[in-house]
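Enquirer: Provided below are the primary sequence and the corresponding predicted coordinates.
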Amino acid sequence: MSRQLSDEKELAIRDALKKGTSKSRIKIELKVGQTTIDRIANSLNIKAKKERFKKLKAEEKSDPTDERVLKLEARNIALKDEILRCKRAYTAAQRNNSVFEALVDELQSAVKPISPLPSAIKIKPRTNLIKESVVAILSDEHADQVVLPHQVGNLERFNFPIALRRAERYVDTIIKFTQRTLQNYNFDTLWIFANGDHTSGEIHSAVDHSTYRNSFRNSLAVGQMHSLMFRDLASHFNKVKVVYVPGNHGRRSTKKDYHGAWNNWDYLIAETAKLHCAQLENVEFCIPDAFSICVDIEGHGFHVTHGDEIKGWMGIPWYGINRKTQKLTALNASQKKKISYYIFGHFHQASTLAVLDGETIINGSWVATDPFAYEGLSVFSEPSQWLFGVNAQRGISWRLNMKLKTEREHLGPDRYAVKLTKENE
């Protein structure tokens, strides 16, 4: 049994250690074990270290008025704020994207695909045909928008039934021109560039002046309208390839989020159309999580985007468009890719601009004018969409600006009907 160390002896050991006496001499003179001496020495060292640390802290206490300290503190606060902002932005982006993707997942069980139509009977001669691909641009429909005549000087009347009638006109024009007017051509593939603003969305309180006054229902209706158009066209072409990129009206963020292309009602429209066309074997969909896409048609490069990132006012910003296309041409050339044609929507004025070795094509709108365009900009444009052919040797060989208005459109559609609920059936 070890003897308890008396207070007097422990004090003597502490004094000897503080004076610098060696442990071996203390062991002999005071007749204590090495373990006891080590324990007391360790306690003295720990206490000494703590006291030295406190002394250093007191000596090194920063001056709150020091300029360097102030800069470091400001930088620290800024970094903390930036981390918090990034976390919030990431969480919001994940939540927004997951909402649309979850909606699409739910729609898969709710949407009943439409049945394909029988292949159209072709009356063209079978020899000496010019082989090309045909491209139709589908943008800026704002199909859910409501425009009353008295709001725009009786220059336009627009609503969803009229949009359905113009959709019929769009389809009929493509079929008539490619299958009857150009009977010496063979168009194996129809490309549809659906480059945004299919809905007026939520910006500028547009949903309050829409058909269903609900962006979700508006998007389902427009998506179903697209599927009816693709079904009718699919019976006249061996392949129909639909490319969707979003516009600015469908976005759900206050400002354009370049990381959130799918956080857009145009994305829901695209997926709705795709679900309705699930049984159309010759219809393919490309819906990238991006605001633009490059595709190759007959060996020619096309850059497809909406165009809202190009700033303009009261007209087409030709300088901005030219500057953007030149930069894109250089960027693609650095990667050994040649882009000859640039496809834009957004500006609501059908036009073309020749470039060095290609062309810039700006699509029209389905709506001639609206209260903002009429009162704020005094702008009107005939509702139209571009249709053109692409030849392997010559690139774009012809183009047609399809007019969409008809005299009887106020009576509504002739054959298209959109059903959103069982009550409508």
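Expert: Looks like it came in fine. Numbering: from 1, shown residues only.
Enquirer: now Thr189: how far from His276?
Expert: 21 Å (CB to CB, to the nearest Å). C-beta: built from backbone N, CA, C; applies to glycine.
Enquirer: the more surrounded of these two?
Expert: Between Thr189 and His276, His276 has the larger neighbour count (other CB atoms under 10 Å), namely 23 against 18.
Enquirer: check which helix or strand covers the residue lying closest to that one once chain neighbours are set aside.
Expert: Nearest residue to His276, sequence neighbours excluded (CB to CB, 6 or more residues apart in numbering): Ser227, at 3.4 Å. According to DSSP states H and E, Ser227 maps onto helix 215-234.
Enquirer: quick one, helices of the stretch 251-400 of the chain?
Expert: 265-276, 318-334, 371 (DSSP state H, counting those that start in this stretch).
Enquirer: isn't the residue nearest to His276 up against Ala278?
Expert: No. Counting by CB atoms under 8 Å, Ser227 stays clear of Ala278, with 9.5 Å between them.
Enquirer: ok, these two, which is more surrounded?
Expert: With neighbours defined as other CB under 10 Å, Ser227 and Ala278 compare such that Ser227 has more, 23 against 15.
Enquirer: tell me the pLDDT at Ala92?
Expert: With respect to pLDDT, Ala92 scores 58.
Enquirer: repeat that for Arg252.
Expert: pLDDT, read off for Arg252, is 87.
Enquirer: equivalent analysis for the one 3 residues further on, please.
Expert: Looking at Lys255, its pLDDT reads 86.
Enquirer: how about the one 10 residues further on?
Expert: Taken from the predicted model, the pLDDT recorded for Trp265 is 96.
Enquirer: nearest spatial neighbour of it, chain-adjacent residues omitted?
Expert: Gly250 (3.8 Å).
Enquirer: so who does the one you found touch?
Expert: Residues near Gly250 by CB atoms under 8 Å, 6 or more residues apart in numbering: 196-199, 201, 264-267, 269.
Enquirer: which of those residues has the most neighbours?
Expert: Going by other CB under 10 Å, His198 tops the contacts of Gly250 with 34 neighbours.
Enquirer: who's in contact with Glu281?
Expert: Going by CB under 8 Å, 6+ apart, the list of residues near Glu281 reads Pro116.
Enquirer: for Arg231, see how far away it is.
Expert: From Glu281 to Arg231 the distance is 12 Å (CB to CB).
Enquirer: okay, and the common contacts of the two?
Expert: Common neighbours of Glu281 and Arg231 (CB under 8 Å, 6+ apart) are Pro116.
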